[in-house]
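**Student:** Below are the sequence and a predicted model for it; my questions follow.
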Amino acid sequence: MVFYPWSLQTKILFLCSVNISTIGLWHCFFQVFNFNLERFRCLNSASINGFPKAETDSLGLREKLVKWIRNVFPGGNWWRLSSEDVDVGATAKPVTVVRALHKMWELIADDGFLIFAAFTALVVTALSEISIPHYLTASIFSAQSSSIPVFHRNVRILVVLCIISGICSGVRGCLFGLANMILVKRMREKLYSTLLLQDISFFDSETVGDLTSRLGADCQQVSRVIGNDLNLILRNVLQGTGALVYLLILSLPLGMCTLTICCALFTIMLLYGQYQKKAAKLIQEYTACANEVAQETFSLMRTVRVYGTEEQELRRYAGWLGKLADIALRQSAAYGYWNFSFNTLYHSTQVIAVLVGGISILAGHITAEQLTKFILYSEWLIYSTWWVGDNLSSLMQSIGASEKVFQLMDLGPSRQFIDKGAKLEGLAGRIEFVNASFYYPSRVKVPVIQRINFVVHPGEVVALVGLSGSGKSTLVNLLLRLYEPTSGQIFIDGYPIKDLDIKWLRERIGYVGQEPRLFRMDISSNIRYGCSRDVNQQDVEWAAKGAAAHDFISSLPNGYHTVVDDDLLSGGQKQRIAIARAILRDPDILVLDEATSALDAESEHNVKGVLRAVRREANSKRTVIVIAHRLSTIQAADRIVVMESGKVVEMGSHKELLLKDGLYARLTRRQADAVA
Ligand SMILES: Nc1ncnc2c1ncn2[C@@H]1O[C@H](COP(=O)(O)OP(=O)(O)OP(=O)(O)O)[C@@H](O)[C@H]1O
């Protein structure tokens, strides 16, 4: 084989390629350097990027530089993505690309024809686009060789290919966009419905900001998989494969050189993709944490304003933003390295093609037309590899973001919604607690309810009293089946509560909580909320009158059509609307947990009057369980159950308990002293 020394042009080409390649590296170094400089300036902390301050101080400039360079090169300490301060669900089953795609397919399978049509358009586009360079070169060289019929034929084919690829490309984009939209919609619906059917204890451990983040940003990110990543990956894989086959047919040695470079590129790309996946997961967690802080601050804005903690809240939020910026910086530095690798390898292909191709032309092995085609197709191949890499890393990011979304979607519904319980013909309202004990799942070592035994007879009014934290609300939560007793049983009309149909039971229980919250809709709809009977406006007003709410509602500019939310009404007004909601349901069992705590004495008297009056009607005798701290409000109850540390310590009427001179008598005396 003849050895040709490097010509001047070859040297220039090589130097150019090396120079261009280093731009990526410099860009990356510049960012990393700036970032570290900023951290040295801003953070006067003990440790910077894994260098303890004292240690770095004692090092010489050269050692510092060497250590710094070692850290910022791939694999160095600086690249480590620490997830100490967030739970990234390490114990849960990781989501692989195949599993994520399978899950997505399940969601979109009903519209499979759309995906099929999109992929058909994609294949046609890819095939027509990949044929264009061949006919382009052939047209030019047929014109050069003055073969006019061949030239005309090539140009005609070229025009047809351009039209086909243009139309199919548009159809492909549109169909993938549609598929994307359907996927996000279904994903959000599925996630939302899964979350709605979880046990209440699930919501004790998850934060609102975190869950809304999953529904919002994470679902959006995941949806990119089909609309963007998969679409582009497939297109480029098809085009790259076509280009590779063409290159190998054209010249085996040149084709092998390009293939080797593409393999190197692909390996780097996989490493880069893995890194991006991990970074995306962290970004997702930090975003959720930042959302949580913002959501908490906005919902407690009055407390923040009164205590003047705006700056403290800003710092808390900025803390998470700083962590997000940290990860984003590493991501863009990794992108810099990736670009550097791509540029270097891309221009190496050009140099090799010109060098080896030139030698082959000189040796008469290939023609100039073949070399031109080779260069065009090798560019195509390398760009396809780059696109695949870029979109694969984006795919990894989306899969990273999908992990928590799919884990949440995989949660089964609460047993309450699966078990088909019994529906009784009617409910008398007899409630019996038999050895009921309970601890919250989040605090398994603290028994909140301990071996409770008592019976509430149909139509009886029973008051629960006791010191704060004695377990009154928890007992009511067990009756409402928000939680299940950890041992013992609760019976309603002689049936174990867990054997009754939960929907049927809840339709027959009215509940007014400690701090009722209203939905952002008009007052009338708030009162009707969850009412399974057919009710008209007159019924709504009747219930509002019973709850002493009618007068204040009528005085509002839009009356019952006034749109309210939590902040527009006083605590007492909200309680009255919640009481009206409970009255309208006409429940067999009514549970009032501090339901009149924010009412003035007159309203409370009126409301109590209504509850008593309704109870006296022969057909609507109802059992009432009432919790109240203001003991004067429960003196008329048929029975008072006194609780202490999760146990029932006394039981009887107001008079009996005063005679007993126990905890109830002590509490009553204390409240009387406080009023005096
Ligand atoms: N979701 C929860 N997770 C863990 N512990 C809880 C939860 N809710 C309440 N607790 C704990 O259970 C105990 C009993 O609380 P509960 O609300 O039943 O008391 P209470 O007698 O109704 O108090 P109060 O009169 O102040 O409303 C308390 O120690 C409380 O901290």
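**Tutor:** Good, I have the coordinates.

**Student:** How far off centre is the longest helix along the chain?
**Tutor:** Longest helix of the chain, by residue count under DSSP state H: helix 310-362. Mean-position distance between helix 310-362 and its chain equals 28 Å (C-alpha atoms, centre = their mean, to the nearest Å).

**Student:** Please state the offset of the helix or strand that it is followed by from the chain centre?
**Tutor:** With elements assigned by DSSP states H and E, the helix or strand that comes after helix 310-362 is helix 368-409. Distance of helix 368-409 from its chain centroid, counting by C-alpha atoms, centre = their mean, is 26 Å.

**Student:** Just the mean pLDDT for the next helix or strand after helix 368-409, thanks.
**Tutor:** On the C-terminal side of helix 368-409, the closest following helix or strand by DSSP H and E is helix 415-418. Regarding helix 415-418, the rounded mean pLDDT is 82.

**Student:** do the same with stretch 650-669
**Tutor:** Per-residue scores along stretch 650-669 average to 86.

**Student:** From the contact counts, what lies against the helix or strand harbouring Val123?
**Tutor:** Secondary structure from DSSP H and E places Val123 in helix 112-144. Judged by 3 or more C-beta pairs under 8 Å, 6 or more residues apart in numbering; DSSP states H and E, helix 112-144 is in contact with helix 148-196, helix 231-250, helix 368-409. (Each C-beta comes from the backbone N, C-alpha and C, glycine too.)

**Student:** Tell me which residues of the shortest one come out buried.
**Tutor:** Pointing back at helix 231-250 there. Buried residues in helix 231-250, counting neighbours by 16 or more other C-beta atoms under 10 Å, are found at 231-240, 242-244, 246-247, 250.

**Student:** Where does pLDDT dip in the stretch 251-400 of the chain?
**Tutor:** Within the stretch 251-400 of the chain, no stretch has pLDDT under 70.

**Student:** May I have the secondary structure class of the closest residue to the ligand within it?
**Tutor:** Distances between the stretch 251-400 of the chain and the ligand by C-beta to the nearest ligand atom are smallest at Glu296, namely 17.1 Å. Using DSSP: H, G, I helix; E, B strand; the rest coil, the three-state assignment for Glu296 comes out as helix.

**Student:** Repeat that for Arg669.
**Tutor:** Classification of Arg669 using three-state DSSP returns helix.

**Student:** same deal with Ala463?
**Tutor:** Classification of Ala463 by three-state DSSP places it in strand.

**Student:** what pairs with it across the strands?
**Tutor:** Val626, Ile640 (DSSP bridges).

**Student:** and it, what does it touch?
**Tutor:** 625-628, 634, 637, 639-641 (C-beta atoms under 8 Å, 6 or more residues apart in numbering).

**Student:** Could you export those to TSV, including columns for neighbour count, pLDDT and distance to the ligand?
**Tutor:** Formatted as TSV, the contacts of Ala463 follow (neighbours: other C-beta atoms under 10 Å; pLDDT from 0 to 100; distance: C-beta to the nearest ligand atom, whole Å):
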residue	neighbour count	pLDDT	distance to the ligand
Ile625	25	89	12
Val626	24	87	12
Ile627	23	87	7
Ala628	20	78	9
Ile634	22	77	13
Ala637	20	81	16
Arg639	19	89	18
Ile640	22	90	14
Val641	25	91	12
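
**Student:** Which one of those is nearest to Glu292?
**Tutor:** Ile627 (30.8 Å; C-beta to C-beta).

**Student:** Surely the closest one is in contact with Leu479?
**Tutor:** No. In this structure Ile627 lies outside contact range of Leu479 using C-beta atoms under 8 Å: 11.4 Å.

**Student:** residues touching the residue of the stretch 251-400 of the chain closest to the ligand, list them.
**Tutor:** Gly209.

**Student:** Out of the contacts of Ala463, the closest to Asp661 would be?
**Tutor:** Within the contacts of Ala463, proximity to Asp661 (C-beta to C-beta) peaks at Ile640, which comes in at 14.4 Å.

**Student:** What's the mean pLDDT across the helix holding Val123?
**Tutor:** Computed over helix 112-144, the average pLDDT equals 86.

**Student:** just stretch 226-236 next, same as before
**Tutor:** 80.

**Student:** okay, how far is it across it, tip to tip?
**Tutor:** End-to-end span of stretch 226-236 (C-alpha to C-alpha, to the nearest Å): 14 Å.

**Student:** Relative to Ser131, how far out is Thr241?
**Tutor:** 13 Å (C-beta to C-beta, to the nearest Å).

**Student:** Point out the most buried one among the helices and strands packed on helix 112-144.
**Tutor:** A comparison of the helices and strands packed on helix 112-144 by mean neighbour count, using mean count of other C-beta atoms under 10 Å, puts helix 368-409 on top with a mean of 22.

**Student:** Now do Ser555 against Thr562, distance only.
**Tutor:** From Ser555 across to Thr562, the span is 10 Å (C-beta to C-beta).

**Student:** which non-adjacent residue is nearest the residue in the stretch 101-250 of the chain that the ligand sits nearest to?
**Tutor:** Scanning the stretch 101-250 of the chain for the residue nearest the ligand gives Asp204, at 4.5 Å (criterion: C-beta to the nearest ligand atom). Closest residue to Asp204 apart from its sequence neighbours, by C-beta to C-beta, 6 or more residues apart in numbering: Ser442 at 5.4 Å.

**Student:** Could you give the number of residues near the one you found?
**Tutor:** Around Ser442 there are 9 other residues, counting by other C-beta atoms under 10 Å.

**Student:** Is the residue positioned nearest the centre of the chain in a helix, a strand, or coil?
**Tutor:** The chain has Arg214 as the residue nearest its centroid, 0.7 Å off, counting by C-alpha atoms, centre = their mean. At Arg214 the chain is in helix, as set by three-state DSSP.

**Student:** I am finished for the moment; much appreciated.
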